[in-house]
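Visitor: show me the folded form of this:
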Amino acid sequence: MDPGSPGAQARYVAIITDGNGRWARRRGLPVMAGHEAGADTVKARLRDAVDLGIAELTVYSFSTENWSRSPDEVSALMEMFGRRIDQETPELHEEGVRRRFIRRREAPVPAELIESMRWAEEVTQENRRITLFVAFNYGGRAEILDAAREFSAGGEDQFRAHLYAPEMHDPDLIIRTSGERRLSNYLLWQSAYSELVFRDELWPDFSRQAFEQSLTEFTARSRRFGGR
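Guide: Numbers count the residues shown, from 1 in each chain. Here you go, the predicted model:
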């Protein structure tokens, strides 16, 4: 089937996992409870993605702008990310998941967290069931600037070679939760022809049904990539 025709399935999906803090506040819980619930949802929807025939799932975990949050929240997030990577990588490895982190690999990210990410990538690098790309300490403009510093000559293919994950396919579909209607500096190079679906659920409430509805909405669209 022509990948631009109605009925084509999304194989490469990216999600802006927005709304963890609001989810917690509405329940009278500390904000970190929302982030923990959001991390559980990432793992659940990753397993759904395997069932639904998705080859690559990319999630927006922590942006370059998120450092402006309170020091207590940032510190707690760094601890959670490191703990989750260490605990979940062996399990995901057994399930055939390849893990990749797209990011600026430098301070202020703690050195031990950078090492945990490197370890998770190394352990899972041969897995082929699905690739989970995690955008961490990531910004779309930062990625383009960093690539431009390394780029000397050539066209788009040569420029892509300098992106954080050159092997990552451009997303067929980008989903954003929480009712917001913007990209928020996410995958700016890769999203040139991505279809966009906006959902009202806060990320921890984004269920398999909501995921399937988003994919169904994608299949109904015609993608012309600038043609007619």
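Visitor: name the element the most centrally placed residue in the chain belongs to?
Guide: Residue closest to the average C-alpha location in the chain (C-alpha atoms, centre = their mean): Val59, at 1.6 Å. Following DSSP states H and E, one finds Val59 within strand 56-63.
Visitor: gap between that strand and the chain center?
Guide: 2 Å (C-alpha atoms, centre = their mean, to the nearest Å).
Visitor: got a list of contacts for that strand?
Guide: 11-18, 42, 45-46, 49, 77, 81, 102, 130-139, 168-169, 171, 184-187 (C-beta atoms under 8 Å, 6 or more residues apart in numbering). Placement of C-beta: from N, CA and C, glycine included.
Visitor: stretch 36-53 too?
Guide: 9, 11, 13, 15, 17, 19-20, 23-24, 57, 59, 80, 84, 88, 92, 95, 97, 129-130, 132, 203-204, 206, 208, 211-212, 215.
Visitor: now the strands for the chain?
Guide: 12-16, 56-63, 97-102, 130-138, 173-176, 195-198 (DSSP state E).
Visitor: relative to strand 56-63, how tilted is the fourth one?
Guide: What it means is strand 130-138. 20 degrees (axes from the mean of the first three to the mean of the last three C-alpha atoms, to 10 degrees).
Visitor: tilt between strand 130-138 and strand 97-102?
Guide: 20 degrees.
Visitor: now for strand 130-138, which elements pack on it?
Guide: Helices and strands touching strand 130-138, by 3 or more C-beta pairs under 8 Å, 6 or more residues apart in numbering; DSSP states H and E, are helix 31-51, strand 56-63, strand 97-102.
Visitor: let's see that with 10 Å instead.
Guide: Strand 130-138 sits against strand 12-16, helix 31-51, strand 56-63, helix 71-94, strand 97-102, helix 111-124, with contacts defined as 3 or more C-beta pairs under 10 Å, 6 or more residues apart in numbering; DSSP states H and E.
Visitor: so for stretch 143-152, what's the average pLDDT?
Guide: Averaged across stretch 143-152, pLDDT comes to 96.
Visitor: ugh, typo on my part, it should be stretch 30-47
Guide: Per-residue pLDDT over stretch 30-47 has a mean of 98.
Visitor: what comes up buried for it?
Guide: Using 16 or more other C-beta atoms under 10 Å as the test for burial, stretch 30-47 gives 31-39, 41-42, 45-46.
Visitor: same question for stretch 159-177.
Guide: Buried-residue list, stretch 159-177, by 16+ other C-beta under 10 Å: 159-160, 162-165, 168, 171-177.
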